[in-house]
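J.: Sequence and computational prediction follow.
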Amino acid sequence: MSATVLVGTQGWNYPAWVGGFYPVGTRRGDWLRVYARAFRTVEVDATFYAVPAEPIVRGWGERVPSGFLFSLKVPQEITHERRLVDCGEVLARFCRRAAVLGDALGPLLLQLSPDFKPAQATFGLLAEFLGSLPAQFRWAVEFRHPGWLTHRSIDLLGSRNVALVLADSRWIGRGLVLDLALEPTADFGYARWVGPNRRITDYSRVQVDRDYEIALWARALESLSQRVRTIFGYFNNHFQGHAPHSARTLQRQLGQEPVEPVALQEQAELF
């Protein structure tokens, strides 16, 4: 593959991962450091709920090695509450916080609400909003209404070098987006595996076998990798029950050798 494919999870703050992923005894404050031993990227969900304070963002960057990348979700105040209207101040504040990560910053994810439905008015809102985005950042858009998956939308994203998120979720299934992997709208790709439902509540182990589906995705990403420079992919616990397993399964399917996390005292001995 020509592109660099970075696989990770949606978040790292899960107590249920201790034992199954984090070594037993790992403290909460050390989870990100240990996570960054196993994966080179993570998607941050916390920024969806509020713009974090600068010390918090700076702390994230200080706990990961060089080359690690954070993808941040744009606050819901912008996407769900203001629905892309009159949100310039919030967007500017969010971008200033994101910039604190410097070289550790990956794409910024706009996750649109399922009730943000395609229409002439909403298409115009989206076009105007995308045109206002600071060009120094990488942007990705996840539609949660299948009506947005049209050539018109793809052409709009492509004109702004904004990645169309390839999402496997209860809103838009795998079959609708796999073909779109062959038609990237940016010089990078972005994939998210959310899962078909929220019934899974035990995140300590795999609850549903979806390894075959992951293999299908691996083939799609291999095709996409010929058309972009980097691909970011993130698993939610709801996809199989245990996101680290899902991420490492995809790594193996892509020919990557998964790295097991180690306790911090053992990690220090490796360097």
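T.: Structure's in. What do you need?
J.: Number of residues surrounding the closest residue to L133 other than its chain neighbours?
T.: In this structure, L133 finds its nearest non-sequential neighbour in W139, 5.5 Å apart by Cβ to Cβ, 6 or more residues apart in numbering. To be clear about C-beta, it is placed using only N, CA and C from the backbone, and glycine gets the same treatment. Burial of W139 is recorded as 21 neighbouring residues (other Cβ atoms under 10 Å).
J.: show me what contacts W139?
T.: Neighbour list for W139: P107, L108, L110, L130, L133, R160, N161, V162, A163, A186 [criterion: Cβ atoms under 8 Å, 6 or more residues apart in numbering].
J.: Likewise for W171?
T.: P114, R144, H145, P146.
J.: ok, 7 Å please
T.: When contacts are counted by Cβ atoms under 7 Å, 6 or more residues apart in numbering, W171 touches P114, R144.
J.: can you give me the helices for the stretch 151-271 of the chain?
T.: In the stretch 151-271 of the chain, the helices defined using DSSP state H, counting those that start in this stretch lie at 151-159, 174-177, 211-224, 237-240, 243-253, 264-270.
J.: Please name whichever of the ones you listed is nearest to L6.
T.: L6 lies closest to helix 243-253 among those, at 10.0 Å (Cβ to Cβ).
J.: model confidence over that closest one, on average?
T.: Helix 243-253 comes out with an average pLDDT of 98.
J.: One more: stretch 40-59?
T.: Averaged over stretch 40-59, pLDDT sits at 98.
J.: Any idea how far apart the tips of it sit?
T.: The first and last residues of stretch 40-59 sit 17 Å apart, counting by Cα to Cα, to the nearest Å.
J.: Going forward, the N-terminal residue is numbered 19.
T.: OK, 19 is where the count begins now, so the last one is stretch 58-77.
J.: quick one: low-confidence parts of the stretch 69-218 of the chain?
T.: The model of the stretch 69-218 of the chain has no residue with pLDDT under 70.
J.: if you set the cut-off to 90 instead, what comes out?
T.: 188, 190-201, 213-217 (pLDDT under 90).
J.: ranges for the strands of it?
T.: Ranges of strands in the stretch 69-218 of the chain, per DSSP state E, counting those that start in this stretch, are 87-91, 123-129, 157-160, 181-182, 184-187, 206-213.
J.: Can you mark which positions in stretch 82-90 are buried?
T.: For stretch 82-90, the neighbour count (16 or more other Cβ atoms under 10 Å) marks V82, F86, L87, F88, S89, L90 as buried.
J.: So what would you say the end-to-end distance of that stretch is?
T.: Termini of stretch 82-90 sit 15 Å apart (Cα to Cα).
J.: Same check on stretch 54-61?
T.: Per Cα to Cα, stretch 54-61 runs 12 Å from first to last residue.
J.: With stretch 163-172 instead?
T.: 14 Å.
J.: swap in stretch 62-77?
T.: 13 Å.
J.: again, but for stretch 42-58
T.: Using Cα to Cα, the end-to-end distance of stretch 42-58 comes to 22 Å.
J.: which residues sit against it?
T.: 24-26, 30-31, 36, 40, 60, 78, 81-83, 85-87, 265, 277-282, 285.
J.: Report the buried members of those residues.
T.: 24-26, 30, 36, 40, 60, 78, 81-82, 86-87, 265, 279-280, 285.
J.: pretty sure Y32 contacts D220?
T.: No - using Cβ atoms under 7 Å, Y32 is not in contact with D220, being 10.9 Å away.
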